[in-house]
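Novice: Here is a sequence together with a model predicted from it:
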Amino acid sequence: MAIRVSFHNGNDKSIKVDLRSIRLLVQFSEDSRQELVPLSAEDVADAVLLKENDKDPTARRNPLPIPIGKTRPSRDANWINLRDACQNAAVPTSVVAAHTSVEGLIYFGLRGEVELLQISRLYIPNLVTMGDNQPLSYFDIDLGQNSSN
């Protein structure tokens, strides 16, 4: 799933957005929530072309850093082209200069379960001014809002 975001800075100072801290929060119930981390361009290409999308997107990941006994299929020119296209479409920088905008895509591994967006929020923390690292704000955007609201 690709979510298009646009960051506009109307201030006189540049702002830094910590892109690695952005989360897609999937709220199954009051007591059950999963935080999905953004995918890299490589992860997107793997999920699309290497058919790793049969896993549950909300399942806990294996804590082992290296999968034992599992080899990765070779990455061909199609994989490289998709990875490059995803990288080019992604948010290009974490710095938003004064009085400018930055926009692009942030990818999450929903494994085709688009209906999860109805119970999801996009959480964007850690916005700070450049130079003095003064915290500014955060965004918590409900993606499941009905368009009639």
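Specialist: Structure received.

Novice: average pLDDT for the longest helix seen in the chain?
Specialist: Using DSSP state H to define each element, the chain has its longest helix at helix 77-89. Confidence for helix 77-89, expressed as mean pLDDT, is 95.

Novice: contact partners of that helix?
Specialist: Contacts made with helix 77-89 from outside it, assessed by CB atoms under 8 Å, 6 or more residues apart in numbering, are listed as Ala2, Ala41, Glu42, Val44, Ala45, Asp46, Val48, Leu49, Leu50, Gly104, Leu105, Tyr107. No exception for glycine: its C-beta is placed from N, CA and C like everyone else's.

Novice: Likewise for stretch 93-110?
Specialist: Taking contacts as CB under 8 Å, 6+ apart, the residues outside stretch 93-110 that touch it are 1-19, 22, 24, 36-41, 43-44, 47, 53, 57, 86, 89-92, 116-117, 130.

Novice: First-to-last residue distance for it?
Specialist: This stretch, stretch 93-110, spans 24 Å end to end (CA to CA, to the nearest Å).

Novice: Buried residues, that stretch. List them.
Specialist: Val96, Val102, Gly104, Leu105, Ile106, Tyr107, Phe108, Gly109, Leu110 (16 or more other CB atoms under 10 Å).

Novice: where do the helices sit along this protein?
Specialist: Counting by DSSP H, the chain forms helices over residues 41-49, 77-89, given from the N-terminal end onward.

Novice: and the angle for the last one with helix 41-49?
Specialist: I take that to be helix 77-89. Helix 77-89 and helix 41-49 are oriented at 130 degrees to each other (axes from the mean of the first three to the mean of the last three CA atoms, to 10 degrees).

Novice: Can you list the buried residues in helix 77-89?
Specialist: Applying a neighbour-count criterion of 16+ other CB under 10 Å, one finds Trp79, Leu82, Arg83, Cys86, Gln87 buried in helix 77-89.

Novice: ditto for the shortest one
Specialist: Using 16+ other CB under 10 Å as the burial criterion, the residues of helix 41-49 that qualify are Ala41, Asp43, Val44, Ala45, Asp46, Ala47, Leu49.

Novice: can you pull the pLDDT of the most centrally placed residue in the chain?
Specialist: In the chain, the C-alpha closest to the average C-alpha coordinate belongs to Pro38, at a distance of 3.0 Å (CA atoms, centre = their mean). In this prediction, Pro38 carries a pLDDT score of 96.
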